[in-house]
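Visitor: need a 3D model of the following:
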Amino acid sequence: MKDPYICQDSDVLINKANIRDKDKLDEYENRMTNLALISLIKDSFKLHTSQDVFKIHLILFENVYEWAGKPRHIDIYKDEPIINNMSVEYTKYKKIIEKMNNIDHKYFNQDWEYLKKEDFIYLFTRLITDIWKVHPFREGNTRTVSIFAFLFLKQYGYDFNAELISRHAKYFRNALVMASLGQYAEYQYLQNILIDAVSNKVDLDRKDSYDRIKDYHMDQYKYAYHKAK
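Guide: Residues are numbered from 1 along each chain as shown. Just a heads-up that it's a prediction; the model follows:
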């Protein structure tokens, strides 16, 4: 199908700056989201529901895309090299809000403040995975979820090493893919980096812990847009 999010005469996302070059759009998007992130953290944003991801996405991308903060209105897929170019089964766009409500019911009735650290991270890993697997936005899902993770952990008294996630963004995203495979899900990669992110003992310059998942090396990964179904 024709993708309504893509410029008619190029393969670049329609954006407020009318940029038609992917690399230039990536640069502009990173600059705008980094500025927005500073203000978001300064404002001590509080999370009350999984659907606060819509507010976070709006704050991050409101200067870049008209659809910032809005659930996508098409179904999407993305070839993932780490799973032999198959795609995660994202939630169908008509079911996004319903699925987010289910996530709220499942996770936001928990007494998170009383959980032991290992139980907290175990459950938190699955919360983050479930939100990401919905993929509520046309683009920007992983960044939004990573900010949600930072704010959630901070809210419950955990220090979160955001720089660790930033430096190993490819690992983080591919760990989310591996955790989103339904009955074949492998959560250990995501859980391990989240455990390290709440630890103050991690060497940021040490790469060997995050350079590969199974036989797939992170240097092989190159980000690409999702595609319309």
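Visitor: leaving out the residues flanking it, which one is nearest to residue 214?
Guide: Closest residue in space to residue 214, ignoring its immediate chain neighbours: residue 82 at 7.9 Å, by CB to CB, 6 or more residues apart in numbering. In short, each C-beta sits where N, CA and C put it, glycine included.
Visitor: how many residues are close by that neighbour?
Guide: Using other CB atoms under 10 Å, residue 82 has 21 other residues around it.
Visitor: what helices and strands are in contact with the helix or strand of the chain with the lowest mean pLDDT?
Guide: Taking mean pLDDT, DSSP states H and E as the measure, the chain has helix 162-167 as its least confident helix or strand, at a mean of 89. Secondary-structure packing of helix 162-167 (3 or more CB pairs under 8 Å, 6 or more residues apart in numbering; DSSP states H and E): helix 141-155, helix 188-197.
Visitor: surely the residue nearest to residue 214 is within a helix?
Guide: Yes. The assignment for residue 82 (DSSP: H, G, I helix; E, B strand; the rest coil) places it in a helix.
Visitor: pLDDT at it, what is it?
Guide: For residue 82, the pLDDT comes out at 97.
Visitor: and it, how far from residue 173?
Guide: To residue 173, residue 82 is 9 Å away according to CB to CB, to the nearest Å.
Visitor: so what sits against both of these two?
Guide: Residues touching both residue 82 and residue 173 (CB atoms under 8 Å, 6 or more residues apart in numbering) are residue 221.
Visitor: ok, residue 25 - contacts?
Guide: Residue 25 makes contacts with 12, 13, 15, 17, 19, as judged by CB under 8 Å, 6+ apart.
Visitor: pull the contacting residues for the spatially closest residue to residue 161 that is not a sequence neighbour.
Guide: Closest residue to residue 161 in three dimensions, ignoring its sequence neighbours and counting by CB to CB, 6+ apart: residue 197, at 4.7 Å. Residues in contact with residue 197, defined by CB under 8 Å, 6+ apart, are 153, 160, 161, 162, 164, 165.
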